[in-house]
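Student: Need a 3D model of the sequence below.
(one chain, ligands or ions: 2)
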Amino acid sequence: MSKAFDIWIESLAATALPSLPSATGAGDYYPERVVRPNLSSTVAGGKRFHIETFGCQMNAHDSEKVAGVLLERGYRAAENLAQADLVLYNTCSIREKAAQKVFSRLGEFRYASPRKVIAVLGCLAQQEGEEIFERAPWVSLVCGSASYRKLPELLTELEEGGRRVMSLDLDTDETFETEITRRDNPFRAYLTIIEGCDYACSYCVVPHTRGPERSRASDSILSEVRRLADAGYTEIQLLGQTVNSYRDPSPRGIDFVALLRAVAAVEGIRRVRFTTSHPNDFHREIVEAIDEVPALCDHVHLPVQSGSTSILRAMRRTYTRDEYLEKISWVRAASRPISLTTDIIVGFPGETEEDFEETLTLLDTVGYDGVFSFKYSPRPNTTASSMADAVPEEEKSRRLAVAMDRQREIQIARNQKLVGAAFEILVDARHEARGQWAGRSTSNRMVNFTSPRENLLGQYVQVKVTRAGPNSLVGDEVV
Ligand code: 5AD
Ligand code: SF4
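Tutor: Ligands and ions are numbered 1, 2, ... in the order given. Now for the predicted structure:
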């Protein structure tokens, strides 16, 4: 059964953007403070939008939902940035670099065509608010990540000629649900089950940009999963900043593990992933469910942030190194191998060489299959930003390089052991030049492989691994 529910027309987020002058034509350039006409008066026929997304999967999925709101309203997806009447930037502010990237991108629009209406959404919008209009007066809409439900009203204001339309409301207990979601990926569907965050990690801007935690009703989640299965999706990725602190707000009141089991039981769903888990809400029952239910993918992303208990305390992570390692031991004791990945931050204020060593030994002890490592970046409104004993930038860079090298060695050794093994791969890409297909195993390993067959996109195939690198495996289809 096909539904209007899911529309993937073309890629939602631009990967390579044309440079503005050649894209819009020199005649389209106007001085900085020119008054921009509003959307409705400049555009005959359907207005066209283009969204560029920065940051995490939650943002990527928010953009899919924002695109749904726009399509429902009669907008059309532009083929590229140059053709768009409405350009939306869905922004990230997790680290300073991410925020700078957005401002430099916005700067490129200083002299862009006045036919373009520019909107800034997401975490940086929430963090900077009015300041965005000051720094980039060519922006007409600023909408924080907890205000998406108000988008229709905000768009009306914009269409009626509003110049500085803004919503930064964080005080909400509602989640952002849409009639239409324009999904980007035809094989894996993202689905946000919980928004915001009630933790207060001292380095993190998210509680300030995404607001308090609010879960979506289980019935609504499950009916969306059924619609996704009807539309042909077989893999669902449940999203939340702290996905495993999910609490069903409806009278059914099911917990995260019950939700996982219910999603995995939906007919047609073959793979269920979830990210990101907080160690504090990571209970043994999650491992038991993965162990028992084949559709629950054998992969857990469990950010540790640091291997040093004193740094974890300063980070307000709510667990010690040993408590974290105990949770890892449950995962390791499962009857099927479960792949583990994590996030670490190096150079947090006060991190000594010994603290850093403890992060390195934690990497050795756990043996992760993947690590996202970051240099600590002070963020506005966070308690860590005023902490003493900042680690110098060069030292942060050195620690980052050391940690990445160490983890690379670990991954090479772990992946090498997989040569000769066979995995079921959901095929999601074709590299024509290399004559290879690509996809992921349930443990989320990237596998590139050859096959004598054609048209494998979206199919599940068995692949035998012949070679291993630090970040991916190579193999041949077992036919
Ligand atoms: N500096 C560096 N890394 C950060 N992260 C979150 N906040 C910061 C910060 N201020 C990292 C954490 C988190 C990941 C999404 O980003 O590791 O898990
Ligand atoms: Fe940020 Fe901590 Fe919340 Fe994760 S749990 S979003 S790191 S405050």
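Student: okay, and the helix or strand of this protein with the least pLDDT?
Tutor: Ranked by mean pLDDT, DSSP states H and E, the weakest helix or strand in the chain is helix 20-24, scoring a mean of 26.
Student: Identify the residues contacting the most centrally placed residue in the chain.
Tutor: Centroid check for the chain by CA atoms, centre = their mean gives Gln57 as the closest residue, at 1.4 Å. Going by CB atoms under 8 Å, 6 or more residues apart in numbering, Gln57 touches 190, 237, 239, 275. All C-beta spots, glycine's among them, are computed from the backbone N, C-alpha and C.
Student: mind listing what Arg440 touches?
Tutor: Arg440 neighbours (CB under 8 Å, 6+ apart): 425-426, 428, 446-447.
Student: Could you list the contact residues of the stretch 101-250 of the chain toward ligand 1?
Tutor: The stretch 101-250 of the chain has residues 203-204 near ligand 1, with proximity defined as CB under 6 Å from any ligand atom.
Student: And the helices in the stretch 101-250 of the chain, which stretches?
Tutor: Along the stretch 101-250 of the chain, the segments classed as helices by DSSP state H, counting those that start in this stretch run 123-128, 131-135, 151-159, 206-210, 218-230.
Student: so who does Val102 touch?
Tutor: Contacts of Val102 by CB under 8 Å, 6+ apart are 54, 89, 91-93, 120, 124.
Student: how about 7 Å then?
Tutor: By CB atoms under 7 Å, 6 or more residues apart in numbering, Val102 lies in contact with 54, 89, 91, 124.
Student: cool, Thr383 as well?
Tutor: Counting by CB under 7 Å, 6+ apart, Thr383 makes contact with Ser202.
Student: From Leu222, how far out is it?
Tutor: Distance from Thr383 to Leu222, counting by CB to CB, to the nearest Å: 38 Å.
Student: next one: Gly232
Tutor: Where Leu222 is concerned, Gly232 sits at a distance of 18 Å (CB to CB).
Student: How about Ser310, nearest residue that isn't a chain neighbour?
Tutor: Of all residues beyond its chain neighbours, the one nearest Ser310 is Asp355 (6.6 Å), with distances taken as CB to CB, 6 or more residues apart in numbering.
Student: shouldn't Lys47 be in contact with Val87?
Tutor: No. Look at Lys47 against Val87 with CB atoms under 7 Å: they stay out of range, at 11.3 Å.
Student: Please say which of these two ends up with more neighbours.
Tutor: Each of Lys47 and Val87 has its neighbours counted (other CB atoms under 10 Å); Val87 has more, 24 against 21.
Student: what inclination does the helix or strand containing that one have with respect to helix 151-159?
Tutor: Assigned by DSSP states H and E, Val87 falls within strand 86-91. Interaxial angle, strand 86-91 versus helix 151-159 (axes from the mean of the first three to the mean of the last three CA atoms, to 10 degrees): 130 degrees.
Student: So what are the sheet partners of strand 86-91 and their directions?
Tutor: strand 48-53 (parallel), strand 117-122 (parallel) (DSSP bridges).
Student: Need the residues that contact it.
Tutor: With CB under 7 Å, 6+ apart, strand 86-91 has contacts from 39, 47, 49-54, 59, 62-63, 66, 75, 81, 102, 105-106, 116-125.
Student: and with 6 Å instead?
Tutor: Strand 86-91 is contacted from outside by 47, 49-54, 59, 63, 102, 116-125, using CB atoms under 6 Å, 6 or more residues apart in numbering.
Student: what do you get for stretch 270-285?
Tutor: Stretch 270-285 is contacted from outside by 234-238, 242-245, 257, 263-264, 295-297, 301-302, 318-319, 324, 327, 330, using CB under 6 Å, 6+ apart.
Student: Can you say which of these are buried?
Tutor: With burial judged by 16 or more other CB atoms under 10 Å, the buried subset of these is 234-238, 242-245, 257, 263-264, 295-297, 301-302, 319, 324, 327, 330.
Student: The stretch 251-400 of the chain: strands as residue ranges?
Tutor: Using DSSP state E, counting those that start in this stretch, the strands found in the stretch 251-400 of the chain span residues 271-275, 299-301, 339-346, 370-375.
Student: Give me the helices and strands touching the longest one, please.
Tutor: Contact here means 3 or more CB pairs under 6 Å, 6 or more residues apart in numbering; DSSP states H and E; on that basis strand 339-346 packs against strand 299-301, strand 370-375, helix 393-416.
Student: wait, does the first one make contact with ligand 2?
Tutor: Meaning strand 299-301. No. Strand 299-301 does not reach ligand 2 (CB under 6 Å from any ligand atom); its nearest approach is 11.7 Å.
Student: Stretch 289-309 near ligand 1 at all?
Tutor: Yes. Part of stretch 289-309 sits near ligand 1 under the criterion CB under 6 Å from any ligand atom, namely 303, 305.
Student: Relative to the whole chain's centre, how far out is that stretch?
Tutor: Its chain's C-alpha centre and that of stretch 289-309 lie 17 Å apart, by CA atoms, centre = their mean, to the nearest Å.
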